[in-house]
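Student: Sequence and computational prediction follow.
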Amino acid sequence: MRTRWKWIAGAVVVVLALAYAIAFLIDEPLRRATEREMNARLKGYTARIGKLDFHPIGFAIDFYDVVLAQDAHPDPPVMRVPRLSASVQWSAVVRGRVVADFELDGSEIHVDRTHFLRELEDPTPVKDRGWQEALQAMYPLKINEFRVRRGAFTYVDSGQARPLTLTAIEAVFEDIRNVRSAPDVYPSPVRAHATVFDDGRLEVEGHADFLRVPHLGIKGRIALERIALDYLRPIGARYGFTVAAGTVGGRGHVEYAPEVKIVDLDEVRVDGLEADYAYRKRTAQPVKKAAAKTAEAAAEVANKPDVLLKARRITASGATVGFVNEEAIPRYRVFLADTDLVVENFTNQRTEGTATARLNGRFMGSGDTTVSATFRPEIKGPDFDLNARIESVDLKSMNDLLRAHARVDVVSGVFSVFAEVRVKNRRIEGYVKPLFRDLDVYDAAQDADKSVGRKLKEKAVDLIGKVLRNRPRDEVATVVPITGEISDPDASTWETLVGLVQNALFKAILPGFEREARALRR
C-alpha cells in the first residue's frame, strides 16, 4: 500500500516538474506569439511585453512590463503596466462558466492633449482600434472581473507647469458579459476611487455595459471632494482666465450611454476661488469662439428629452473674481471680493421649473453687493428677473477705470448703483440708478504734474457735480432707463446677462464723467 502511494506521489512530482519545465520553455515563445497577436489587432498603437510567466497549475499567466504606445508619438507610452495577471475564475467553473479574472497592478496611463487632438483626426473609430481584441489575445477566456490596483492617470496640457493627475486608483469591474444587454440594463457592477491631484478625492459606484455600441454605458453615483482648480490654469490661460486658487466638489447621479445622457447633481461646491479674466485682443477672439460653441452646444441639448443636465444646488463661498482690461490705458481691474453665491435648480429642461440665484460680496473690496435673480424656463428666448444693489464703493479705488474711460480721477467720493431688470419675450425692461456721494474730483496737490487741459477738465467735472448735488444728502444721482428689444434674438441667457453688465451697469457708472469729457472736447 505504501509503495503504491509512493509511486503515485512520485508520478505527481514528475508531472509537476515536467509541467513547469514545459511552461518555462514555452514562456518566451508564448510571449512573442501573444505580442504578435496583440499588434495584429491594434490600429495606430503598438504593444510590447517584457516578460511572460505561465503557471500550469491554475492555468494563469503573469505579464510583466507591458507597454502600449501610440505609433505617431511613442514617447512617453500611453500605458505602462508593471504586472498584469490573468487567471481562470474557478468559482465560475463550478457554475458551468469558463471566464477569467484580470488584475492590473501599478498601471500608469499618460495622455498628452496635443497627441489626443491629433488622434481625433484619425478616421478610424475608437471601437475599431482593436483594444478589446488585443486584451482578448493576451488570454482567450472572456473577462469576468477586471481589477485595477495602485493605478495612476496623468493628463498633460501644452505649456502646463504641472500635469493633472489621478493616483492611488483602485477599481473593480465585474461580470463583463460577452452578450449585449437591453438599453436600460447595465449588467456589470463598477466600484472605483482615486486621489485627484494632491488631496482631492473621486469615488464612483454603479453599473456599466462594456459592450454597448458605439461606446460603453455607465450608470451610478459619483462624488468629488477638494478638487484643486489651480490645475486648470493652462486651460484657462488660453482664453485669458487666471485661476490662482480654489477647490470644487460635488455629488450626484450620472448616466452616460448612447441612448441617454444624465448628469443630476445633488450639490456642487466651490470654495476659495480666486480668478481673473484678463481682456486682451489676442484672447478675446478665442473667448468669443468658445462662447459661441458653448451656446450652440447648450442650445442643442436644451429641453432634449434624452439629455438632462441638472444641479439642484450650486454654492460658491469666499470667492474673489475680477475683470482686468489689459488693452486700456491705464490698465485697470474691477473685482468682487468675499463672494458667496447660491444657485438652486439649475437645469437645461424647462419642465424642471424655475432656477434662482443669490449673490453677496464686496465690489472693489468696499461696496456691499447683493444680487438676486430668477430664471424661468426658456420658451421664447431668455426669461429672467434681476435685482442688484452695490452700495458705498470707495470711488478712489476706481481711479484707473476713471482715467481709462473718462480721463479724470477723483480725490474722494462714494459710489452706489441700484438696478432692476426684467427680460421676457425678447424684450428688456428696467432701470439702472448710479449714485455719487461726497464727490471731489480735483486736488491741487494730487494733480500738480498734470497738464492744464486735464486740470480744467477735472475742475469742470467737479463743478458739474456740485451743481447737480442733492444738497441735503450731498449726492449726485441719475436714473438710466433700460428698455427695448434684445439686440441678438438668438442670444442665450448667459450672453444676455453679460451684455447687460457691459452695456448698462458698467456704462452707467460714468454718465456724468463721460458727458463732461465730450463737452470739453467740443
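Tutor: Cool, the structure landed. All of these numbers come straight from a predicted model, not from anything done at the bench.
Student: pLDDT weak spots in the stretch 101-250 of the chain?
Tutor: Low-confidence segments of the stretch 101-250 of the chain (pLDDT under 70): 115-141, 158-161, 177-180, 234-235.
Student: Let me see the ranges of the strands in it.
Tutor: 108-112, 142-156, 164-174, 188-196, 200-209, 217-228, 241-256 (DSSP state E, counting those that start in this stretch).
Student: wait, which of those is closest to I482?
Tutor: With CB to CB as the measure, strand 241-256 is the member of the strands of the stretch 101-250 of the chain nearest I482 (28.3 Å). The C-beta positions use only the backbone N, C-alpha and C, and glycine is treated the same way.
Student: which element is D400 on?
Tutor: helix 399-406 (DSSP states H and E).
Student: Tell me which helix or strand comes right after that helix.
Tutor: strand 412-424.
Student: Give the buried residues for that next one.
Tutor: 413-419, 421, 423 (16 or more other CB atoms under 10 Å).
Student: Show the secondary-structure elements that that strand is packed against.
Tutor: Counting by 3 or more CB pairs under 8 Å, 6 or more residues apart in numbering; DSSP states H and E, the packing neighbours recorded for strand 412-424 are strand 384-394, strand 427-440.
Student: mean pLDDT lowest for which of these?
Tutor: If the helices and strands packed on strand 412-424 are sorted by mean pLDDT, strand 427-440 sits at the bottom with a mean of 82.
Student: Now the helices and strands packed on strand 412-424 in CSV, please, with extra columns for distance to R280 and mean neighbour count.
Tutor: Shown next, in CSV, are the helices and strands packed on strand 412-424 (distance: least, CB to CB, whole Å; neighbours: other CB atoms under 10 Å):
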stretch, distance to R280, mean neighbour count
strand 384-394, 26, 18
strand 427-440, 28, 18
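Student: Let me have these in a markdown table, extended by distance to E327.
Tutor: Shown next, in a markdown table, are those (distance: least, CB to CB, whole Å):
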| stretch | distance to E327 |
| --- | --- |
| strand 384-394 | 23 |
| strand 427-440 | 24 |
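Student: so what secondary structure elements neighbour the helix holding D400?
Tutor: strand 332-347, helix 511-521.
Student: go again using 10 Å as the cut-off
Tutor: Packing partners of helix 399-406 (3 or more CB pairs under 10 Å, 6 or more residues apart in numbering; DSSP states H and E): strand 307-325, strand 332-347, helix 452-468, helix 506-508, helix 511-521.
Student: Tell me the buried residues in it?
Tutor: Within helix 399-406, the residues that count as buried by 16+ other CB under 10 Å are 399-403, 405-406.
Student: Now stretch 156-173 - C-alpha only, CSV.
Tutor: Provided in CSV are the C-alpha atoms of stretch 156-173 (Å, rounded to 0.1, in the frame of the first residue of the first chain):
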residue,chain,number,x,y,z
VAL,A,156,-0.6,66.8,-19.8
ASP,A,157,-1.7,70.1,-21.4
SER,A,158,0.6,72.2,-23.6
GLY,A,159,2.6,74.7,-21.6
GLN,A,160,1.3,73.3,-18.4
ALA,A,161,3.5,73.7,-15.4
ARG,A,162,2.1,70.7,-13.6
PRO,A,163,0.1,67.9,-15.0
LEU,A,164,-3.4,66.8,-14.0
THR,A,165,-3.1,63.5,-12.1
LEU,A,166,-5.1,60.7,-10.6
THR,A,167,-3.2,58.4,-8.3
ALA,A,168,-3.9,55.5,-6.0
ILE,A,169,-6.6,54.3,-8.4
GLU,A,170,-8.5,51.2,-7.0
ALA,A,171,-11.2,49.9,-9.3
VAL,A,172,-13.2,46.7,-9.8
PHE,A,173,-15.3,45.9,-12.8
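Student: List the buried residues for stretch 335-345?
Tutor: Neighbour counts over stretch 335-345 (16+ other CB under 10 Å) mark 335-337, 339, 341, 343, 345 as buried.
Student: Touching, M398 and S412? I think so.
Tutor: No: with contacts counted by CB atoms under 10 Å, M398 stays clear of S412, the gap being 11.9 Å.
Student: circling back to that earlier point, export the helix holding D400 as CSV, just CAs?
Tutor: Written as CSV, here are the backbone C-alpha positions of helix 399-406 (Å, rounded to 0.1, in the frame of the first residue of the first chain):
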residue,chain,number,x,y,z
ASN,A,399,-9.4,105.7,-10.4
ASP,A,400,-7.6,103.6,-13.0
LEU,A,401,-11.0,102.8,-14.6
LEU,A,402,-12.0,106.5,-14.5
ARG,A,403,-8.7,107.6,-16.1
ALA,A,404,-9.1,105.0,-18.8
HIS,A,405,-12.7,105.8,-19.8
ALA,A,406,-13.3,109.5,-18.7
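Student: mean confidence for that helix?
Tutor: On average, helix 399-406 scores 84.
Student: ok, back up a step: point out the one among the helices and strands packed on strand 412-424 that comes closest to R41.
Tutor: strand 384-394 (53.9 Å).
Student: Partner strands of the closest one and their direction?
Tutor: strand 367-375 (antiparallel), strand 412-424 (antiparallel) (DSSP bridges).
Student: In stretch 213-226, which residues are buried?
Tutor: 216-220, 222, 224-225.
Student: Let's have those residues in TSV, adding distance to F54.
Tutor: Formatted as TSV, the buried residues of stretch 213-226 follow (distance: CB to CB, whole Å):
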residue	distance to F54
L216	31
G217	35
I218	34
K219	38
G220	36
I222	39
L224	42
E225	43
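Student: ok, I169 touching A194?
Tutor: Yes: shown here, I169 and A194 form a contact pair, counting by CB under 10 Å, at 4.3 Å.
Student: Now for those two: what residues contact both?
Tutor: Shared contacts of I169 and A194, defined by CB atoms under 10 Å, 6 or more residues apart in numbering, are found at 148, 151-153, 202.
Student: are any of these buried, and which?
Tutor: Using 16+ other CB under 10 Å, the buried members of the shared contacts of I169 and A194 are 148, 151-153, 202.
Student: Can I get the strands paired with strand 384-394 in JSON lines including distance to D175 and mean pLDDT?
Tutor: Converted to JSON lines, the strands paired with strand 384-394 look like this (distance: least, CB to CB, whole Å; pLDDT from 0 to 100):
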{"stretch": "strand 367-375", "distance to D175": "43", "mean pLDDT": "94"}
{"stretch": "strand 412-424", "distance to D175": "51", "mean pLDDT": "87"}
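Student: TSV for these, including distance to A245?
Tutor: Below are the strands paired with strand 384-394 laid out as TSV (distance: least, CB to CB, whole Å):
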stretch	distance to A245
strand 367-375	21
strand 412-424	28
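Student: In contact with A192, which residues?
Tutor: Going by CB under 10 Å, 6+ apart, the list of residues near A192 reads 148, 151, 166, 169-173, 202-206, 220, 222.
Student: So it versus F173, what's the distance?
Tutor: 8 Å (CB to CB, to the nearest Å).
Student: same thing with V324?
Tutor: 47 Å.
Student: Ok, V408 next?
Tutor: 66 Å.
Student: Compare neighbour counts for the two and give me the winner.
Tutor: Here V408 and F173 are compared on neighbour count by other CB atoms under 10 Å; more neighbours surround V408, at 23 against 20.
Student: wait, the more buried one sits on V441?
Tutor: Yes: here V408 reaches V441: they are 6.0 Å apart, a contact under CB under 10 Å.
Student: Please look at V342 and L359 and confirm they touch.
Tutor: Yes: counting by CB under 10 Å, V342 touches L359, with 7.9 Å between them.
Student: Spit out the residues that contact those two alike.
Tutor: Common contacts of V342 and L359 (CB under 10 Å, 6+ apart): 316, 372.
Student: Show the contacting residues for G151.
Tutor: 81, 104-109, 166-171, 192, 194.
Student: what are the bridge partners for it, then?
Tutor: Going by DSSP bridges, G151 is paired in beta bridges with I169.
Student: rewinding a little: relative to P258, which of the helices and strands packed on strand 412-424 is closest?
Tutor: With respect to P258, and counting by CB to CB, the nearest of the helices and strands packed on strand 412-424 is strand 384-394 at 33.9 Å.
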